[in-house]
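**Student:** just the structure for this:
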Amino acid sequence: MAETATERANAAGRRRLTLTGALRQVWEHVLFYGLLFLFGLMSLAWSLTAALIGPLLPRRFAGPLGRLAIKTGFRLYLGTLRACGVLKTDLSALDGLKGDGGLLICPNHPSILDAVLLISHLPDVVCIAKAKVYDNLFLGGGARMAGYIRNDAPNSLVKLAAQQVRAGHHLLIFPEGTRTERAPVNALKGGFALIAKTAEAPVQAVFIDSNTNFLGKGWPLFRKPEFPLVYTVRLGRRFDPVTDMRGLVAELEHHYRSEL
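**Tutor:** Predicted coordinates for the structure are as follows:
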């Protein structure tokens, strides 16, 4: 039976859609790897610069300048992702924390991107960084200049973190201790509660919601996700300074599980 004009048009339309889909996939892969390269390049450039100038500056100048540089770099990078159409974010809830100094900020931890999202939107926040970050060519120089706290010495970690909180800084710490392995949240570690007790500081719960598991536990760095990536940040309960550390850990974990 002869092919009708309608059938030919439909077949041509399907071929065009297939070709368009294939071209889009190629473009998204090029864009994804290009943006990863850009992040690595930006991180390396600042890490090397910070490693050179950080030791030459007084500590009272080096720390704030280092934190401002990291925040600005993360904001620029996230802005680039949004401009390219691969990222959508709503971080406006964090505006409610501006002016609230001497505070532990405790988010859930679904992805490596969590720290980038939060640091980009918080003023002068201090982080607790893994030792491998301090020793990393791409991140170490910036982390040291910013005064981020190395996490491989528990006693000094608690002391330094409490000092930063008492000085009026936000302290970003992930109570799960690592990225979430089993939804909605891992069993919480007690380090944040010890810091909060030592500093006599409140704890602010923060919830990060996303439509993707990109860069979650077990996600390979070079595996492309589906775009756009969507992240929303919500503020949870603020826990007053406590003396009962176990009670605080249990309450915060229950709060996570009930909200996520």
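
**Student:** okay, now residue 96: neighbour count?
**Tutor:** 10 (other CB atoms under 10 Å). No exception for glycine: its C-beta is placed from N, CA and C like everyone else's.

**Student:** ok, now residue 106?
**Tutor:** Neighbour count of residue 106, defined by other CB under 10 Å: 25.

**Student:** so what's it up against?
**Tutor:** When contacts are counted by CB atoms under 8 Å, 6 or more residues apart in numbering, residue 106 is found next to 173-175, 192, 203-206, 252.

**Student:** repeat that for 6 Å
**Tutor:** Contact analysis of residue 106 by CB atoms under 6 Å, 6 or more residues apart in numbering lists 175, 192, 203, 205.

**Student:** now residue 180: phi and psi?
**Tutor:** phi -60, psi 130 (degrees, to the nearest 10).

**Student:** and the nearest residue to it once chain neighbours are set aside, how close does it get to residue 156?
**Tutor:** Once flanking residues are discounted, residue 180 sits nearest to residue 110: 5.1 Å by CB to CB, 6 or more residues apart in numbering. Separation of residue 110 from residue 156 (CB to CB, to the nearest Å) stands at 29 Å.

**Student:** any weak-confidence spans in the chain?
**Tutor:** For the chain, applying pLDDT under 70 flags the ranges 1-3, 5-19, 21.

**Student:** can you list contacts of the longest strand seen in the chain?
**Tutor:** In the chain, assigned by DSSP state E, the strand with the most residues is strand 229-239. Residues from elsewhere that reach strand 229-239 (CB under 6 Å, 6+ apart): 87-91, 93-94, 96, 117, 202-205, 207-212, 214, 255, 259.

**Student:** in strands, which of the residues you listed appear?
**Tutor:** Secondary structure defined by DSSP E assigns 87-90, 203-205, 207-210 of the contacts of strand 229-239 to strands.

**Student:** now the buried members of those residues.
**Tutor:** Buried members of the ones in strands among the contacts of strand 229-239, scored by 16 or more other CB atoms under 10 Å, are 87, 89, 203-205, 207-208, 210.

**Student:** and which of these is nearest to residue 57?
**Tutor:** residue 204 (30.5 Å; CB to CB).

**Student:** tell me what that closest one is bridged to.
**Tutor:** residue 105, residue 238 (DSSP bridges).

**Student:** how about the helix or strand where residue 250 lies: buried residues?
**Tutor:** Using DSSP states H and E, residue 250 falls within helix 245-259. Within helix 245-259, the residues scored as buried using 16+ other CB under 10 Å are 245, 248-249, 251-253, 255-256.

**Student:** same deal with stretch 104-117?
**Tutor:** For stretch 104-117, using 16+ other CB under 10 Å, the buried residues are 104-111, 113-117.

**Student:** how about the residue nearest to residue 33 when sequence neighbours are not counted, secondary structure?
**Tutor:** Sequence neighbours aside, residue 222 is the residue nearest to residue 33 in space, at 7.4 Å (criterion: CB to CB, 6+ apart). With DSSP: H, G, I helix; E, B strand; the rest coil as the basis, residue 222 sits in coil.

**Student:** neighbours around residue 222, how many?
**Tutor:** Other residues within reach of residue 222 by the criterion other CB under 10 Å amount to 8.

**Student:** now the strands for the stretch 1-150 of the chain?
**Tutor:** Assigned by DSSP state E, counting those that start in this stretch, the stretch 1-150 of the chain shows strands spanning 87-90, 103-107, 126-129, 149-150.

**Student:** as CSV, the ones you listed with distance to residue 65 would be great.
**Tutor:** Listed next are those as CSV, based on distance: least, CB to CB, whole Å:
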stretch, distance to residue 65
strand 87-90, 26
strand 103-107, 21
strand 126-129, 14
strand 149-150, 17
